[in-house]
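Any chance you can model this:
(chains A and B)
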There are 2 protein chains.
Amino acid sequence: MIKKLTRELLEQIKEKAERSRGDILAMTYLAASGHPGGSLSSIDIYTVLYNVVNMDKDKVIVSHGHTSPGVYSALARSGMFDPLAPIKGFRRVGSVFEGHVEPSVPGVTWGTGNLGQGLSVAAGHAIAARLKGIDVDCFVVMGDGEQQKGQISEARRFIKKYSLNNITVIIDDNRLQISGDRDKVMPQNLHAEYENAGFKVLEIDGHNHEEIYNAIKTATEDSQSPYAIIAHTIMGKGVSFMEGKATYHGRALKNDEMIQALKEVKLEWPIEELKALREKPVGEEFNWKGWDYPEVKQGEPRTYGKDILTDNRSAFGTALVDVAKANKDIAFAVFDCDLASSVKTGTYSTEFPDRFFEAGISEHNTAAMAGAASTQQVVSIFADFGMFGIDETYNQQRLNAINRAHLKLVCTHLGVDVGEDGKTHQCIDYLGLMRNLQGFKVVIPIDPNETDLATRWALSSPGNCL
Amino acid sequence: MIKKLTRELLEQIKEKAERSRGDILAMTYLAASGHPGGSLSSIDIYTVLYNVVNMDKDKVIVSHGHTSPGVYSALARSGMFDPLAPIKGFRRVGSVFEGHVEPSVPGVTWGTGNLGQGLSVAAGHAIAARLKGIDVDCFVVMGDGEQQKGQISEARRFIKKYSLNNITVIIDDNRLQISGDRDKVMPQNLHAEYENAGFKVLEIDGHNHEEIYNAIKTATEDSQSPYAIIAHTIMGKGVSFMEGKATYHGRALKNDEMIQALKEVKLEWPIEELKALREKPVGEEFNWKGWDYPEVKQGEPRTYGKDILTDNRSAFGTALVDVAKANKDIAFAVFDCDLASSVKTGTYSTEFPDRFFEAGISEHNTAAMAGAASTQQVVSIFADFGMFGIDETYNQQRLNAINRAHLKLVCTHLGVDVGEDGKTHQCIDYLGLMRNLQGFKVVIPIDPNETDLATRWALSSPGNCL
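Numbers count the residues shown, from 1 in each chain, chains lettered A, B, ... in the order given. As a prediction, this is how the structure comes out:
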């Protein structure tokens, strides 16, 4: 349930959005880099969202992370932190205000920058909320260009299959990307694509605060369907010479341009004062400790005697069921990409059908979704062959590492031992790949007894783990 | 133009398909592993295709590589090689007849096994044919389950954008995947998805040879649109107790099942004789030398003096234009994912607009497509940021390595130097990742002069290269 839009709140939103436009120009101008164009086209959406959503419960996921100046400013102006903090720290070494949004910043749910990730992250949050039995609205703000990523079609199908109707997508449809007109870069009918995927679609003026609010309200009040709100916006909105120009996607204003722009957009503080602020050192602005992880009981370890013929994957499947049974009060989620019978999560799926999610052959969405779910006090397990869970989704695992998730990635079929399946199935690079990822612990048990212990340890320990 | 279907050819196809059913059972039974179910559902499609397509010119791409027994047998029965060869070698160490199709086998265009790749590969072949000015029909046989992969939606959009109307998709729609009923695993309306993406869609009985032929004929004769032929098939078709059973997706028949099956499907040779054949050693069945690469002239190297202010990416862009100009008789293709202005392929795109392909934000499709194009005597360049060209598409590059492509992957924005863009944009793992890939040469020039030489060398040398 979003907040009621009083006349007073509407006025506040209008004023905050105006101030944020100044912040965006200041941040990018002073950093001499960054993405002002998309920030200005998204800022009215961000300002409405952050001021009407219950930020202590609901989730706002920013998928086009390069609009970070807009996100940082709108979050600050909604009361999350001092608006001067991102102006001071934006894109400086040692500051959390990186060029692409980062979860160390209060209010940021997931660090993006790689496009096409946000909808999968929302699916993970929606699954987590369902498992925990809490009512959470998930909003995803996305760019229009990133709709070209195939992962989004995987996420849409999953969301529809599992009726994750608390998800609302808001597309900042400024119709421009780096290479120019979106329709020329890659023709795509967004309205039809979302509608065909089972979303209800609304089209609005993305700079009209009331329209944005009403669309969000409609979407959150309808529990029968996920929504996609296509917000028609203008790249660079608010600065006449920037409007509708792709060149300002990823370029800050130069001196003379800034002087010109400041005739149309007012800064709250003199630019010289802000410049001086950026001479001061930056440090740990916020002391983010990472996502909480539940206290998971390991259960009683099993010992497989030498006369018991079993294998590692079966021992994993058995230990998984044991631990899930020993922790019925904790939310568990096992994600599968059509290989449950091979990776031995089948017994678990029978015992806990509501805590098992079959995503089909859609590894990218699943890896990102499972990672996001793991940040919400859910014991989240993605079990797959190495070639899919590591090779195919390496970058999604990299993003899970960057976002300090607690994903339990369980991969079978590693190395040349898979033999006869052939080269494509031989994931010979698993160790090298995973060791690149900061904080991703890698455990390779040698027999079913080690597998049993490793499974119990991994499920009960925070952090990403293979 | 496919061959004319005479009554005689139709009879031959019928007989060959029957024999192939026996081959499939023999291969998987004797190897005691493999995927008989999908092979039996696809075999009528393969048999028609390989017998009516001009295999010396047109391309047949198998996307669901696990149906290899069907592919190997149908290729053999079409006259490509001895039908006993795959029965002898299937899934044995040292044989080219791996569990998933492999380009060392004559007639195999691309090694798959990772699903969702075939349509991108077809796009690469279609681009290559267009650049070389030759008339090539590209057929892609895909599974129905793999349609869940997002990469396919990227490929469809690219195919439509560039009117690659010589592409015909044939979907082996047996409605079953490992986890059972496709509609339960992940609901998806294939007909609507392809139609909405701008394909013409035909639905046929995938076991009726005449219907298969007629659909292919319709598709190849219509140059106005790409086609998707949804072939309704039955998993395990031809063996009554296997029909419609997901369990036979990836499991060979046991002894008693084989005895039962042989009452319905005849083998050409006694099973004991085939068993004895598999006792004999396997070696290099075919002596595949890899894909040809054109003779590319390097042009005149440039020297940047110490007073010239430029950077590596600009030197790459300039050298690329130089080499393309020096080799106008050779097909060049530069693929971009909405970063041409950053990776400096902009000048090239202006000079050679017909040899520049803007794919938008769809890296997975682009990496696979560019790799496939490079196997067709095309100098194929994919230029991107490291986080996309390496991290996000690591597995597509791995498949390019496995398929011994000649891709020239040019990545900028490597390492922590990208700094202010933040962690997601810092591709710090590029060296470790690429060094995993057999035959992928890695060159890291330190300045514009080295970049100039490296670019000229890479473009004129066969093999994958970063």
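
ok, now which ones touch the residue of the stretch 201-350 of chain A found nearest chain B?
Here the stretch 201-350 of chain A gets closest to chain B at one residue, A:Asp338, 4.9 Å apart by C-beta to the nearest C-beta. In short, each C-beta sits where N, CA and C put it, glycine included. Counting by C-beta atoms under 8 Å, 6 or more residues apart in numbering or on different chains, A:Asp338 touches A:358-361, B:145, B:177-179, B:185.

Tell me the one among those residues nearest to B:Leu25.
B:Ile178 (19.9 Å; C-beta to C-beta).

The closest one contacts B:Tyr248, correct?
No - B:Ile178 is not in contact with B:Tyr248 according to C-beta atoms under 8 Å; the separation is 10.8 Å.

Locate the residue of chain A with the greatest distance from its centre.
A:Asp307 (46.9 Å; C-alpha atoms, centre = their mean).

Phi, psi for that residue please.
Dihedral angles of A:Asp307 (phi, psi; degrees, to the nearest 10) stand at phi -90, psi 0.

Give the other helices and strands that the lowest-mean-pLDDT helix or strand in chain A contacts.
Sorting the helices and strands of chain A by mean pLDDT, DSSP states H and E puts helix A:430-434 at the bottom, at a mean of 85. Helix A:430-434 sits against helix B:430-434, with contacts defined as 3 or more C-beta pairs under 8 Å, 6 or more residues apart in numbering or on different chains; DSSP states H and E.

How about the helix it packs on, which residues are buried there?
B:430, B:433-434 (16 or more other C-beta atoms under 10 Å in any protein chain shown).

cool, stretch A:101-115 as well?
Buried residues in stretch A:101-115, counted by 16+ other C-beta under 10 Å: A:101-105, A:107-115.

Please apply the same query to stretch A:447-460.
For stretch A:447-460, burial by neighbour count (16+ other C-beta under 10 Å) applies to A:448-449, A:451-456, A:458-460.

and if you look at stretch A:275-282?
By 16+ other C-beta under 10 Å, the buried positions in stretch A:275-282 come out as A:277-278, A:282.

who touches whichever residue of chain A sits closest to chain B in this structure?
Closest to chain B within chain A is A:Gly150: 2.7 Å, counting by C-beta to the nearest C-beta. With contacts defined as C-beta under 8 Å, 6+ apart, the neighbours of A:Gly150 are A:116, A:364, B:149-154, B:362, B:364-365.

one more time with 7 Å
By C-beta atoms under 7 Å, 6 or more residues apart in numbering or on different chains, the residues touching A:Gly150 are B:150-154, B:362, B:364.

got the contacts of A:Asp338 as CSV, with pLDDT columns?
Compiled in CSV, those are given as follows (pLDDT from 0 to 100):
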residue, pLDDT
A:Glu358, 95
A:Ala359, 95
A:Gly360, 95
A:Ile361, 94
B:Gly145, 94
B:Gln177, 90
B:Ile178, 87
B:Ser179, 88
B:Val185, 92
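
now, among these, which is nearest to A:Ile402?
Nearest member of these to A:Ile402, counting by C-beta to C-beta, is A:Ala359, at 22.0 Å.

residues contacting that closest one?
A:Ala359 makes contact with A:158, A:335-337, A:365-366 under the criterion C-beta under 7 Å, 6+ apart.

What average pLDDT does stretch A:76-95 get?
Mean per-residue pLDDT for stretch A:76-95: 94.

Look up phi and psi at the residue of the stretch 201-350 of chain A closest to chain B.
Here is the backbone geometry of A:Asp338 (degrees, to the nearest 10): phi 60, psi 30.

ditto for the one 4 residues further on
Dihedral angles phi and psi of A:Ser342 (degrees, to the nearest 10) take the values phi -80, psi -40.

thinking again about what came up before, with the buried residues of stretch A:101-115 in mind, which one is nearest to B:Lys59?
Nearest to B:Lys59 among the buried residues of stretch A:101-115, with distances taken as C-beta to C-beta, is A:Leu115, at 31.3 Å.

Check the secondary structure at the residue lying closest to that closest one once chain neighbours are set aside for me.
Excluding its sequence neighbours, the residue lying closest to A:Leu115 (C-beta to C-beta, 6 or more residues apart in numbering or on different chains) is A:Glu146, at 3.6 Å. Recorded secondary structure, A:Glu146: helix (DSSP: H, G, I helix; E, B strand; the rest coil).

Quick check: A:Asn196 touching B:Glu195?
No - here A:Asn196 does not reach B:Glu195: they are 9.7 Å apart, not a contact under C-beta atoms under 7 Å.

before we move on, back to that, compare B:Ile178 and B:Tyr248 (neighbour count), which wins?
Between B:Ile178 and B:Tyr248, counting by other C-beta atoms under 10 Å in any protein chain shown, B:Tyr248 is the more crowded of the two (25 against 21).

what about the closest residue to A:Pro83 other than its chain neighbours, helix or strand, and which?
What sits nearest to A:Pro83 in space, not counting adjacent residues and going by C-beta to C-beta, 6+ apart, is A:Ala76, at 4.0 Å. Assigned by DSSP states H and E, A:Ala76 falls within helix A:68-77.

Does the next helix or strand after that helix reach chain B?
Scanning forward in sequence from helix A:68-77 by DSSP H and E, the next helix or strand is helix A:84-89. No - using C-beta under 7 Å from any C-beta of the partner chain, helix A:84-89 stays clear of chain B, coming no nearer than 10.9 Å.

Can you give the distance of helix A:84-89 from its chain's centre?
On the basis of C-alpha atoms, centre = their mean, to the nearest Å, helix A:84-89 sits 23 Å off its chain's mean C-alpha point.

Please enumerate residues in contact with that helix?
A:23, A:26-27, A:30, A:72-73, A:76, A:95-97, A:274, A:277-278, A:280, A:282, A:285.

tell me the two of those residues that are most distant?
A:Ser73 and A:Lys280 (19.2 Å).

correct me, but A:Leu30 touches A:Glu272?
No - A:Leu30 is beyond contact range of A:Glu272, at 10.8 Å (criterion: C-beta under 7 Å).

what about these two, which has more around it?
Under the criterion of other C-beta under 10 Å, the comparison of A:Leu30 against A:Glu272 puts A:Leu30 first, with 21 against 8.

Name the nearest residue to that one, ignoring sequence neighbours.
Leaving aside its chain neighbours, A:Leu30 sits nearest to A:Arg278 (5.5 Å; criterion: C-beta to C-beta, 6+ apart).

what's the one you found sitting at in phi/psi?
Backbone torsions of A:Arg278, given as degrees, to the nearest 10, read phi -80, psi -10.

Check what pLDDT it gets.
94.

cool, A:Gly419 as well?
The model reports A:Gly419 with a pLDDT of 68.

and what of the one 3 residues further on?
Taken from the predicted model, the pLDDT recorded for A:Gly422 is 77.

what about it, how many residues close to it?
When neighbours are counted by other C-beta under 10 Å, A:Gly422 registers 23.

pretty sure it contacts B:Gly113?
Yes - applying C-beta under 7 Å, one finds A:Gly422 in contact with B:Gly113, separated by 6.0 Å.

near chain B, which residues of the stretch 351-466 of chain A?
Residues of the stretch 351-466 of chain A found near chain B (C-beta under 7 Å from any C-beta) are A:358, A:360-362, A:364, A:387, A:391-392, A:394-395, A:398-399, A:402, A:419-425, A:429, A:432-433, A:436.
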